[in-house]
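>>> sequence-free structure coming up:
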């Protein structure tokens, strides 16, 4: 199946710093990517939808100035958590949709990135 | 997209079949049933999906009732590595380039496979 890769898989940072997480589709072109957040023992919550070459669409309650999303190419989307605080500590997961998904309807997920803000 | 109801947890003995139920009584005619699973600290993994007919692949089988109001995911010979949270999701098929392709995750069923 298609592969979606995230980097880094885990990161620890100090409060007030910014952290960038990358999401890459390795063997297909991802026209749309989705960013989710998952707190411990909870389900995945959609944060935003990014379409290649256009601005991301954020879900209600997600601050677009805090969670910057860039989808500059068909294989890469980045999520930057700006001025991170301990409450931003979470598991961030991206998923990608492309031509293959259009045929099967399935989405492909990255391995997730665990952010810990001290 | 239609809402689904799943039991919060289930146990299964290793080597036995695991049958995970899902209710989706408000499913629409153009909505598919998708199953994903999430092993601890990993991203979700696609398992199988179907519309009306039963489906089978190398991972699992999906049985959908005739009225499509419920379905069952079957792992024929569960192993310890199948311990995960299993999500049943109902949605329309993704269209190429569409931005409505996100998946809405419920709480899922936590399957524990025991030796």
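Structure received. Predicted, not measured: the structure shown is a model, and the values here were computed from it.
>>> Output the below-cut-off pLDDT ranges for the chain.
Because you didn't say which chain, this covers chain A. Within chain A, the stretches with pLDDT under 70 are A:1-2, A:98-105.
>>> wait, I meant chain B there
B:1-2, B:94-101.
>>> Geometric centre of it: which residue is closest?
Central residue of chain B (C-alpha atoms, centre = their mean): residue B:35, 2.7 Å from the mean position.
>>> And for residue B:46, nearest residue in space, chain neighbours not counted?
Leaving aside its chain neighbours, residue B:46 sits nearest to residue A:106 (4.5 Å; criterion: C-beta to C-beta, 6 or more residues apart in numbering or on different chains). C-beta: built from backbone N, CA, C; applies to glycine.
>>> From what I see, that neighbour and residue B:49 are in contact.
Yes: using C-beta atoms under 8 Å, residue A:106 makes contact with residue B:49 at a distance of 6.5 Å.
>>> Mutual contacts of these two, please.
Common contact partners of residue A:106 and residue B:49 (C-beta atoms under 8 Å, 6 or more residues apart in numbering or on different chains): residue B:34.
>>> These two: which has the busier surroundings?
residue A:106 (23 against 20; other C-beta atoms under 10 Å in any protein chain shown).
>>> Which element, helix or strand, includes the more buried one?
Taking DSSP states H and E as the definition, one finds residue A:106 inside no helix or strand.
>>> Could you report the separation of it from residue A:4?
Distance of residue A:106 to residue A:4, given as C-beta to C-beta, to the nearest Å: 12 Å.
>>> Repeat that for residue B:9.
Residue B:9 is 28 Å from residue A:4, by C-beta to C-beta.
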